[in-house]
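In: Have a look; sequence and predicted model below, questions after that.
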Amino acid sequence: MDKEIITVQGRISYKDLGLADAHNHLWITGQDVPAITAPVLEEQELIERELIAYRQAGGGAQLDCQPGGAGRDGNQLSKLSARTDVHIVACTGFHLKEYYPAGYKIWQMDPSQAADYLLSEIGGGLEETRHKTPVYPGFIKIAVRENLEASPLGLLEAACAANQESGLMVEMHTEKGLDLENILAYLEDKELEPGRLVICHIDKRPDSGLHKELARAGYMLEYDTFFRPKYEPEKNLWPLIREMVEAGYSQSIALATDLADSAMWKHLGRGPGLPGFINLIKQRLDVEIKDPGIVGQLIGGNIAERLAI
């Protein structure tokens, strides 16, 4: 049987995902949360227009990394996918605590309860979609802080248990890759296999030696600072991509844009928007990397392999 990916519109063959942004945010419902700068993405018509432009540019899929309770709306994601013909892969899991209303339930759960909650979404559909047509998550999102001690160890343990039960891939938000060595040691102790983990925002720590070591261990590295000038992508990200590819690690990289800030969208702000993943990133890869097979790995092929179950 062919391996499949779970999208908001149902299961598809992993071969049909197409060009895919490996980490993005397509809908975030505004809430009363501690984070003053918490992003909001609710303009349905403009989001839809942007997804259509992405599709017309050649994009096939988007991974939406907003978990339940932090502004996710699986019903909206399903509508957007149906109306734009873009595959959207939703997640269960958890983000940083400041993106949740005070007292949100997942932060009150012990590891066993939290694992049961994640598995209930995996098996029964995203919580907010169950009264209509259930929408199922295709991966698990987790978030760590600047060090292991400050991270929610109970929720990390729960996510590892849910991964082992379901087989779903895990995407991990990191704070610029800080204390990654200790964090990964903890996850390995909880039996999360490197081949099921994608380490996000790791290009904010552009240590090529570390990246090669992680790739050799089987981890996937997600790079997404292309449109963030403060991280100097010309100095850090693009040379890192070239070095990793030249060293033979192209199969360990997934590229993304992480456009949670509406100012970075084309129709919502003044940024390159969703089509920039194709019109700017892919076009430059075509020129600099040249090998279509490797380019295909970086912008969809690798993440499809990890999502597949």
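Out: Yes, it's here. Residues are numbered from 1 along each chain as shown.
In: Show me the helices in the stretch 51-200 of the chain, by range?
Out: Using DSSP state H, counting those that start in this stretch, the helices of the stretch 51-200 of the chain run over 74-84, 111-124, 153-166, 180-189.
In: Which one, of those helices, ends up nearest to residue 19?
Out: Ranking the helices of the stretch 51-200 of the chain by proximity to residue 19 (C-beta to C-beta) places helix 74-84 first, at 14.3 Å. Yep, even glycine has a C-beta here, placed from its N, CA and C like the rest.
In: which residues are contacting the closest one?
Out: The contact list for helix 74-84, computed with C-beta atoms under 8 Å, 6 or more residues apart in numbering, reads 7-9, 26-27, 44, 47-48, 51-52, 54-55, 64, 86-88, 90, 125-126, 128-129, 132-133, 135.
In: Restricted to buried residues, select the residues you listed in PyMOL.
Out: Selection command for PyMOL covering only the buried members of the contacts of helix 74-84, criterion 16 or more other C-beta atoms under 10 Å:
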select buried, resi 7+8+9+26+27+47+48+51+52+54+55+64+86+87+88+90+125+126+128+129+135
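In: hang on, residue 295 packs against residue 281?
Out: No - using C-beta atoms under 8 Å, residue 295 and residue 281 do not qualify as a contacting pair, with a distance of 9.8 Å.
In: can you give me the strands for the stretch 1-150 of the chain?
Out: 4-7, 10-13, 20-24, 61-64, 87-89, 91-93, 139-143 (DSSP state E, counting those that start in this stretch).
In: where in this protein is pLDDT low?
Out: Within the chain, the segments meeting pLDDT under 70 span 1.
In: any idea how far stretch 72-92 is from the chain center?
Out: When C-alpha coordinates are averaged (C-alpha atoms, centre = their mean, to the nearest Å), stretch 72-92 and its chain have centres 14 Å apart.
In: hmm, I was thinking of stretch 296-309
Out: With C-alpha atoms, centre = their mean, you get 12 Å for stretch 296-309.
In: Likewise for stretch 86-104?
Out: 11 Å.
In: Stretch 232-239 now?
Out: Worked out by C-alpha atoms, centre = their mean, stretch 232-239 lies 21 Å from the chain centre.
In: Start and end of that stretch, how far apart?
Out: 11 Å (C-alpha to C-alpha, to the nearest Å).
In: Next, the buried residues of it.
Out: 233, 236, 237, 238.
In: ok, those residues vs residue 17, which is closest?
Out: Out of these, the member with the shortest distance to residue 17 (by C-beta to C-beta) is residue 237, at 23.4 Å.
In: is it true that the closest one touches residue 227?
Out: No - between residue 237 and residue 227 there is no contact under C-beta under 8 Å: 10.3 Å.
In: Specify the beta-bridge partners of residue 11.
Out: residue 6 (DSSP bridges).
In: Could you count how many residues lie near it?
Out: Residue 11 has 13 neighbouring residues, counting by other C-beta atoms under 10 Å.
In: For it, give its distance to residue 309.
Out: 9 Å (C-beta to C-beta, to the nearest Å).
In: what do those two both touch?
Out: Joint contacts of residue 11 and residue 309 (C-beta under 8 Å, 6+ apart) are 4, 5.
In: Tell me who's in contact with the residue nearest to residue 114 when sequence neighbours are not counted.
Out: Excluding the flanking residues, the one nearest residue 114 by C-beta to C-beta, 6 or more residues apart in numbering is residue 158, at 3.5 Å. By C-beta under 8 Å, 6+ apart, residue 158 lies in contact with 109, 111, 112, 113, 114, 115, 117, 118.
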